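In: here is my input; please provide its structure:
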Amino acid sequence: MQDLPIHFAPLQGYTEAFYRNAHAACFGGIDTYYTPFVRIEKGRFRHRDVRGIEPANNQVPHLVPQLIAPTAEKAEAILSLFIEKGYEEADINLGCPFPLLAKRHNGSGILPYPEEVEALLSLIQKYPQISFSIKMRLGWEDSDECLKLLPIINDLPLRQVTMHPRLGKQQYKGEVDLKGFAAFQDACKHPIIYNGDINNLEDIQRIQDKFPTLAGIMIGRGLLANPALAAEHRQGRVFEFDEMVKKVQSMHQCVYTQYAEQLQGGDAQLLNKMKAFWEYLLPNADKKLLKAIHKSTSLNKYNQAVSAFFNQR
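Out: Just a heads-up that it's a prediction; the model follows:
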């Protein structure tokens, strides 16, 4: 299997700095990690967003910060923060499907409005020192929306375009539209990264075979479920269950320790953070052991359930 670059998609509430660092240390195989999008909320940055992009808090080999905004003015304010922190790359989110943001023309909610997209992306020309990429969907309502944006996109000096071939209104439901992806790729002059429903090595191979000129593959939920997926791709093998559990245990300990040191909200806050770690993880593992983790109502019960999971034979 060709060694196609693997990008770890940003997922709000999951791929925070502690998770990224632990993943890189325990599994690796990722060419580029992305931060969950930074946005302006009530006129200011969210503290967790600023903390999440702080270079001192990140130990992954290659990190690109992502921003989301409905206007160039707001995007520029976020970009200024990235530049202040020393970043020379930035990813612009035109793909987020969540209705609360999309209805304000953030993420995929802006895709039906070419004039707004053009105004937002105009900031790219103003910052030649920054290498920009965009992450997008086929559209919000219609897969032709992305094709109507190509005259704008093709004229921009972009490093790459990541395409998730669904509509925003689908969120993560239904099938990916590979015909829509092919139509976009054929007409786009930039390197293309495929994103969407990659869960195993067979999926990676299938997408590579179907789209042999891809510049890379971005994986989100598939890596949350199987953190070894990129490393398996690199090594051309599927990890044995015992090896997998050992590495997950090491990663879990790393994430748990860091959150325990940082969080100020007591056991309940730590419990909620750590239960999110398991939300997608190893869905084919022992259902009874996983259920005990998901149903734990105290940190003590959580630790007992996690210990039982890691001690299974």
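In: what does the longest helix along the chain rub up against?
Out: Identified as the longest helix of the chain according to DSSP state H is helix 241-262. The contact list for helix 241-262 (Cβ atoms under 8 Å, 6 or more residues apart in numbering) reads 18-19, 21-23, 25-27, 227-228, 239, 270, 273-274, 277, 281-282, 306, 309-310, 312. Where C-beta positions appear, they are placed from N, C-alpha and C, glycine not excepted.
In: ranges for the strands of the stretch 1-150 of the chain?
Out: Assigned by DSSP state E, counting those that start in this stretch, the strands in the stretch 1-150 of the chain fall at 6-8, 32-34, 40-41, 44-45, 63-64, 66-67, 89-94, 131-139.
In: how about those strands in JSON lines, adding mean pLDDT?
Out: JSON lines is the format used below for those (pLDDT from 0 to 100):
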{"stretch": "strand 6-8", "mean pLDDT": "98"}
{"stretch": "strand 32-34", "mean pLDDT": "98"}
{"stretch": "strand 40-41", "mean pLDDT": "92"}
{"stretch": "strand 44-45", "mean pLDDT": "96"}
{"stretch": "strand 63-64", "mean pLDDT": "98"}
{"stretch": "strand 66-67", "mean pLDDT": "98"}
{"stretch": "strand 89-94", "mean pLDDT": "98"}
{"stretch": "strand 131-139", "mean pLDDT": "98"}
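In: nearest to Q264, out of those?
Out: Q264 lies closest to strand 44-45 among the strands of the stretch 1-150 of the chain, at 19.3 Å (Cβ to Cβ).
In: can you lay out the strands of the stretch 1-150 of the chain as TSV showing distance to I124?
Out: Shown next, in TSV, are the strands of the stretch 1-150 of the chain (distance: least, Cβ to Cβ, whole Å):
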stretch	distance to I124
strand 6-8	20
strand 32-34	17
strand 40-41	18
strand 44-45	21
strand 63-64	15
strand 66-67	12
strand 89-94	8
strand 131-139	5
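In: just give me the neighbour total for S133.
Out: 22 (other Cβ atoms under 10 Å).
In: before we move on, what about K126?
Out: K126 has 10 neighbouring residues, counting by other Cβ under 10 Å.
In: cool, and L138?
Out: Counted with other Cβ under 10 Å, residues neighbouring L138 total 26.
In: which stretches of the stretch 151-300 of the chain form helices?
Out: Assigned helices in the stretch 151-300 of the chain, in chain order: 178-187, 201-210, 221-225, 229-235, 241-262, 266-277, 287-295, 299-310 (criterion: DSSP state H, counting those that start in this stretch).
In: mind putting the ones you listed into JSON lines with mean neighbour count?
Out: Shown next, in JSON lines, are the helices of the stretch 151-300 of the chain (neighbours: other Cβ atoms under 10 Å):
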{"stretch": "helix 178-187", "mean neighbour count": "16"}
{"stretch": "helix 201-210", "mean neighbour count": "15"}
{"stretch": "helix 221-225", "mean neighbour count": "21"}
{"stretch": "helix 229-235", "mean neighbour count": "20"}
{"stretch": "helix 241-262", "mean neighbour count": "16"}
{"stretch": "helix 266-277", "mean neighbour count": "15"}
{"stretch": "helix 287-295", "mean neighbour count": "14"}
{"stretch": "helix 299-310", "mean neighbour count": "16"}
